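Colleague: predicted structure and sequence below. I'll ask about it afterward.
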Amino acid sequence: MVYEDFLATIKQSLEERLGSDFTLSIQTITKNNGLSLDGLCIGKTGEKVAPTIYLNHFYKFYQDGIPIYEIISDILLLYQANKLPDEVHLNDLTSPDHIKRRVIHRLINESANQAQLTDIPHISYPALDLCLVFCISVHETQDNLLTALIHNSHLKTWNLSFEDLKQAAKLNTPILFPARIRSLSEVIKDIALKSSSGDLDEDDLIDFFDTEPLSPPMYVLTNSTGINGAACMLYDDILKDFASCTDSDLIILPSSIHEVLIIPNSKNVAIDELADTVFAINQEEVPEEDRLSNHIYFYSRNEDQLSVVFTSSVPIGTKNP
């Protein structure tokens, strides 16, 4: 079955399963870094907001031999898990006062998002090839974060200025999503514990991890949720304070839009090798939508300034070979 027929089959099958109380449509949506995905919008009578489920990866499952009926069941489960929470009131999404309390920013690559940025209010950092865009934090749980990207048209609807948006996001984001800096070893151990489903405890991890500290030491900077946490690198004084604690300048590796790695600068750090590593990981490990940058950044304590110290010749939006 070709891709277009797959989309039509999924839509028709779900319409039959859900019944006349639901309206389904397939829309092509541009995501971060110019990635275009086909989203299935499932609207229910009486509800003004509909979740979107992206179907591209489900087609890959189909090509790998997963039956259509299993894919349909998975999509229904995903829809149930991502319905708009009952405690979210749509009137709040049109209230300027509520918007100003919930607007936040997230960090993306600028050159890879030029087309989208024409319709999106943003703060540009051209020397870094990065920019901050604005979202409404609609709902937050321990495992999920529901946000809505703000477009220029929204500002007119809410009668808010760009400066209103900018000041609100600068205030809200560090409060709603405070920064966290932890050693890479500690983060890896936590991931191992969570993925073990209780089969391991901290003592067991001694068998899996070297007890010697990493050289050079690496730290993970993200926010309290681990989602869109790379923006923390632009929080006021976050790099300045950490550089003071480590008594060194800082090298920042853009791991993804969700976190960055920080390495205290020393003679033992080979920046060109780090750049090769960042590029390889971006191409092989990080989903295209989550890539932040192929550049290596440097924070100078004396100048209190962040700059690009190594530039990859390959744009972040370049497709995998």
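Modeller: Okay, I see it.
Colleague: need the helices for the stretch 151-300 of the chain, in chain order.
Modeller: 152-158, 162-176, 184-195, 238-246, 271-284 (DSSP state H, counting those that start in this stretch).
Colleague: identify whichever of those lies nearest to Asn228.
Modeller: Among the helices of the stretch 151-300 of the chain, helix 162-176 comes nearest to Asn228, with 9.4 Å by C-beta to C-beta. Just so you know, the C-beta spots here come from the backbone N, C-alpha and C atoms, and that holds for glycine as well.
Colleague: same for the closest one, what does it pack against?
Modeller: helix 96-102, strand 103-109, strand 130-140 (3 or more C-beta pairs under 8 Å, 6 or more residues apart in numbering; DSSP states H and E).
Colleague: tell me which of those sits most buried.
Modeller: Mean neighbours per residue, mean count of other C-beta atoms under 10 Å, is largest over the helices and strands packed on helix 162-176 for strand 103-109, with a mean of 25.
Colleague: any regions of the stretch 1-150 of the chain where pLDDT drops low?
Modeller: Along the stretch 1-150 of the chain, the parts satisfying pLDDT under 70 run over 48, 83-93, 139-144.
Colleague: strands of that one, start to end?
Modeller: Here the stretch 1-150 of the chain has its strands, by DSSP state E, counting those that start in this stretch, at 22-30, 36-44, 52-54, 103-109, 122-125, 130-140, 145-149.
Colleague: please determine how far the residue lying closest to Met233 once chain neighbours are set aside is located from Ala81.
Modeller: Among residues not flanking Met233 along the chain, Val260 sits closest, at 5.5 Å (C-beta to C-beta, 6 or more residues apart in numbering). Distance, Val260 to Ala81, by C-beta to C-beta, to the nearest Å: 29 Å.
Colleague: list the residues that contact the most centrally placed residue in the chain.
Modeller: By C-alpha atoms, centre = their mean, the chain has its centre lying nearest to Asn228, at 4.0 Å. Each residue near Asn228 by C-beta atoms under 8 Å, 6 or more residues apart in numbering is listed here: Arg106, Leu107, Leu145, Thr147, Phe177, Ile257, His258.
Colleague: 7 Å - rerun?
Modeller: By C-beta atoms under 7 Å, 6 or more residues apart in numbering, Asn228 lies in contact with Arg106, Ile257, His258.
Colleague: pick out the shakiest of the helices of the stretch 151-300 of the chain, pLDDT-wise.
Modeller: Least confidently modelled of the helices of the stretch 151-300 of the chain is helix 184-195, at a mean of 76 by mean pLDDT.
Colleague: other SSEs contacting it?
Modeller: Secondary-structure packing of helix 184-195 (3 or more C-beta pairs under 7 Å, 6 or more residues apart in numbering; DSSP states H and E): strand 219-223.
Colleague: quick one: contacts of the strand it packs on?
Modeller: Contact with strand 219-223 is made by 177-184, 187, 229, 232-233, 258-262, as judged by C-beta under 7 Å, 6+ apart.
Colleague: ok, back up a step: ok, Val260 and Ala81, which is more surrounded?
Modeller: Each of Val260 and Ala81 has its neighbours counted (other C-beta atoms under 10 Å); Val260 has more, 23 against 10.
Colleague: any idea what that one is bridged to?
Modeller: Leu221 (DSSP bridges).
Colleague: surely it meets Leu250?
Modeller: No. With contact defined as C-beta atoms under 7 Å, Val260 and Leu250 do not form a contacting pair (10.1 Å).
Colleague: returning to what we had before: what's the residue nearest to the centre of the chain sitting at in phi/psi?
Modeller: The phi and psi torsions at Asn228 (degrees, to the nearest 10) take the values phi 50, psi 40.
Colleague: quick check: it vs Tyr3, distance?
Modeller: Noted for Asn228: a distance of 30 Å to Tyr3, by C-beta to C-beta.
Colleague: next one: Tyr297
Modeller: 39 Å.
Colleague: settle it for me: which of these two has more neighbours?
Modeller: Using other C-beta under 10 Å as the criterion, Tyr297 and Tyr3 rank with Tyr297 on top: 22 against 13.
Colleague: nice, that's everything, thank you.
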